[in-house]
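*Asks:* what shape does this take:
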Amino acid sequence: MKILSIESSCDETAAAIVENGVKILSNVVVSQIDIFAAYGGVIPEVAARSHLEAITPVIDKAFSDAHCSWDDIDAIAVTSAPGLLGSLLIGTLTARTLAILHKKPLYAVHHLKSHIYSNWLESDNSPSFPLLSLVISGGHTQILYMPAHNSFKIIGTTNDDAIGECFDKVAKILGLPYPGGPAINKLAKLGDPEKYPLPHPKTENPLDFSFSGLKTAVLRAVQKEVGVPISHPSSDLKNLLTDQQKADFAASFEKTAIDILLEKLKAALNEHQEVKSICFAGGVSANAALRSKASESIHNLPLFFPSPSLSGDNAAMVGAAAYFEIISGVQPTDPYSLNIYPRIAIS
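*Replies:* Below you'll find the predicted structure:
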């Protein structure tokens with residue numbers, strides 16, 4: 001079964017053709033990172049206009065790279081939620097139009113579900129059920145329990161900032177480029193992770209996360225280190241830090257953030273000792289320090305990480321998720337409907 005999939009939830013315009021949920025025939029991604037690097041984050045209206053310009057050429061290239069025609073396509077899949085409204089609209093309208101024109105069944109796919117299913121792509125081994133998935137990205141931080149394909153239960157979530165957003169904001173304080181995750185990971189290798197002790201915020205639900213306090217703790221620690229009051233503009237702090245201080249703060253923050261993620265994951269494992277595997281998903285799962293520390297600290301279960309090229313937003317993961325929806329019996333979405341949100345949502 002070959003599925004054309006489309007992803008446009010944030011600032012990547014992507015299309016892919018995936019076979020049987022695991023084999024990538026093509027995977028084309030046009031990123032808007034260069035556009036938003038100067039702003040330190042995504043501007044929704046600009047992102048939507050960029051999707052509009054790129055989406056048709058991206059789909060054409062996906063067909064060309066896969067050496068496929070419309071006769072080869074069995075279904076169309078598209079990210080329908082969550083994401084930036086304008087960006088999602090470009091992708092979903094395109095997918096609906098193509099489904100009607102070419103008479104193909106349409107599947108509206110949840111974005112977080114797609115990230116989890118990136119672990120099935122181009123892999124010799126598949127995760128075993130039941131499993132836990134730690135979904136960590138710029139917009140999401142959640143622990144999900146998955147007893148079978150297309151069955152999800154959120155058992156932990158963030159109460160405020162997502163982990164990726166926290167990386168971006170700390171990077172901005174230190175004067176590092178957007179996106180913050182790769183920049184902090186690179187600089188942290190030159191720093192002392194024990195130099196600046198940072199707190200582990202507490203939550204009412206022991207499996208929930210809170211990163212707003214950690215971000216503020218970094219800000220206050222930097223202000224204290226350079227000897228300025230808390231009223232001092234955060235945008236100026238980078239000019240008062242030495243290169244070594246920046247590296248030490250990057251290392252200390254990265255270590256604390258990773259420790260928090262793994263503490264919560266281990267707490268979830270204690271509550272679900274029947275779990276047979278663990279999947280990491282989302283852009284932050286590409287962090288090399290996280291991968292190394294997770295492998296060192298969790299020995300009794302197989303760990304699955306998507307390849308770094310599949311950890312960020314891409315369309316291949318959407319095709320994988322749609323395939324496993326189809327074999328689980330999910331019915332297609334009516335392309336004429338204005339509401340194409342997934343019928344089986346993550347709850």
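*Asks:* alpha carbons only for contacts and neighbour counts from here, please
*Replies:* OK.
*Asks:* quick one: D248 and D192 touch, right?
*Replies:* Yes - here D248 reaches D192: they are 4.9 Å apart, a contact under Cα atoms under 8 Å.
*Asks:* those two: which is more packed in?
*Replies:* D248 (22 against 17; other Cα atoms under 10 Å).
*Asks:* against which helices or strands is the helix or strand harbouring that one packed?
*Replies:* Taking DSSP states H and E as the definition, D248 sits inside helix 243-271. Packed against helix 243-271 by the contact rule (3 or more Cα pairs under 8 Å, 6 or more residues apart in numbering; DSSP states H and E) you find helix 180-188, helix 212-226, helix 288-297.
*Asks:* touching the longest one from outside, list them.
*Replies:* If I follow you right, that is helix 212-226. Helix 212-226 is contacted by residues 160-161, 166, 169-170, 173, 196, 198-201, 229-230, 232, 234, 237, 240-241, 249, 253 when judged by Cα atoms under 8 Å, 6 or more residues apart in numbering.
*Asks:* at 7 Å instead, please
*Replies:* 160-161, 166, 170, 198-199, 201, 229-230, 240-241 (Cα atoms under 7 Å, 6 or more residues apart in numbering).
*Asks:* greatest separation within these: which pair is it?
*Replies:* The two members of the contacts of helix 212-226 with the most space between them (Cα to Cα) are D160 and L240, at 28.9 Å.
*Asks:* who has more neighbours, those two?
*Replies:* Between D160 and L240, counting by other Cα under 10 Å, L240 is the more crowded of the two (16 against 13).
*Asks:* can you tell me how far the more buried one is from T157?
*Replies:* 35 Å (Cα to Cα, to the nearest Å).
*Asks:* which among the helices and strands packed on helix 243-271 is found nearest to L52?
*Replies:* helix 180-188 (26.2 Å).
*Asks:* check the average confidence over that closest one, would you?
*Replies:* The average pLDDT for helix 180-188 rounds to 96.
*Asks:* which strands and helices sit next to it?
*Replies:* helix 163-173, helix 243-271 (3 or more Cα pairs under 7 Å, 6 or more residues apart in numbering; DSSP states H and E).
*Asks:* need the winner for burial among those.
*Replies:* When those are scored by mean count of other Cα atoms under 10 Å, the highest mean neighbour count falls to helix 163-173 (a mean of 24).
*Asks:* report the angle between that helix and helix 180-188.
*Replies:* 60 degrees (axes from the mean of the first three to the mean of the last three Cα atoms, to 10 degrees).
*Asks:* domains for the chain, by residue range?
*Replies:* 2-119+309-327, 129-306 (automatic domain parsing).
*Asks:* dump the ones you listed to JSON lines, plus distance to D334.
*Replies:* Listed next are those as JSON lines, based on distance: least, Cα to Cα, whole Å:
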{"stretch": "domain 2-119+309-327", "distance to D334": "7"}
{"stretch": "domain 129-306", "distance to D334": "20"}
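*Asks:* point out the most buried one among the helices and strands packed on helix 243-271.
*Replies:* Using mean count of other Cα under 10 Å, helix 180-188 ranks as the most buried of the helices and strands packed on helix 243-271, with a mean of 21.
*Asks:* and I143, backbone torsions?
*Replies:* Note on I143: its backbone torsions stand at phi -110, psi 130 [degrees, to the nearest 10].
*Asks:* make that S328, sorry
*Replies:* phi -90, psi 0.
*Asks:* so who does the most far-flung residue of the chain relative to its centre touch?
*Replies:* Distance from the C-alpha centroid of the chain peaks at G227, with 36.4 Å (Cα atoms, centre = their mean). By Cα under 7 Å, 6+ apart, G227 lies in contact with nothing.
*Asks:* so how far is L237 from it?
*Replies:* In terms of Cα to Cα, G227 sits 10 Å off from L237.
*Asks:* before we move on, what about S311?
*Replies:* 32 Å.
*Asks:* the two: who's more crowded?
*Replies:* Neighbour count, other Cα under 10 Å: between S311 and L237, S311 has more, with 24 against 18.
*Asks:* wait, the more buried one sits on F280?
*Replies:* No - with contact defined as Cα atoms under 7 Å, S311 does not reach F280; the gap is 9.0 Å.
*Asks:* so G156 bridges to which residues?
*Replies:* Beta bridges link G156 to I143, judged by DSSP bridges.
*Asks:* dump the residue contacts of it.
*Replies:* 142-144, 207-208 are the contacts of G156 under Cα under 7 Å, 6+ apart.
*Asks:* show the buried residues in these.
*Replies:* 142-144, 207-208 (16 or more other Cα atoms under 10 Å).
*Asks:* farthest-apart pair in these, please.
*Replies:* L144 and D208 (11.3 Å).
*Asks:* name the helix or strand of this structure that has the lowest mean pLDDT.
*Replies:* helix 33-36 (a mean of 69; mean pLDDT, DSSP states H and E).
*Asks:* circling back: from the contacts of helix 212-226, which is closest to H111?
*Replies:* Using Cα to Cα, these come closest to H111 at D161, 17.9 Å.
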